[in-house]
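**Student:** structure, please.
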Amino acid sequence: MNIADSVRKHPDFKTKYKDNPDLHTRDLAFEKILKEIMLQRRKNELELYKLFANDPAFKVSWIESMQRIIEEEDISS
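**Tutor:** Residues are numbered from 1 along each chain as shown. This is a model prediction of the structure:
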């Protein structure tokens, strides 16, 4: 299962992100969900997790990229 799928299957994804009209809290919720997923997957993807945890520029870019991927896949389905 890829990371985007894991985000979509997170129990808070629909209520706190997808159906949330408040852009600020929506972004905070997405960051929290992604952080939880990254923590769960850190054993399998250690280098990616290290970048996510220790490089603020990478973290911001990764969050934005994951949001774009999820939004694009939701639009096309």
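
**Student:** let me see the contact set for the residue sitting nearest the centre point of the chain.
**Tutor:** Nearest to the geometric centre of the chain sits residue 34, at 3.3 Å (CA atoms, centre = their mean). Residues in contact with residue 34, defined by CB atoms under 8 Å, 6 or more residues apart in numbering, are 3, 7, 62, 63, 66. No exception for glycine: its C-beta is placed from N, CA and C like everyone else's.

**Student:** from these, pick the one nearest residue 27.
**Tutor:** residue 63 (8.0 Å; CB to CB).

**Student:** what's the burial count for the closest one?
**Tutor:** By other CB atoms under 10 Å, 16 other residues sit near residue 63.

**Student:** tell me what the helix or strand hosting it is packed against?
**Tutor:** In the assignment (DSSP states H and E), residue 63 maps to helix 56-76. When contacts are defined as 3 or more CB pairs under 8 Å, 6 or more residues apart in numbering; DSSP states H and E, helix 56-76 packs onto helix 3-9, helix 23-41, helix 46-54.
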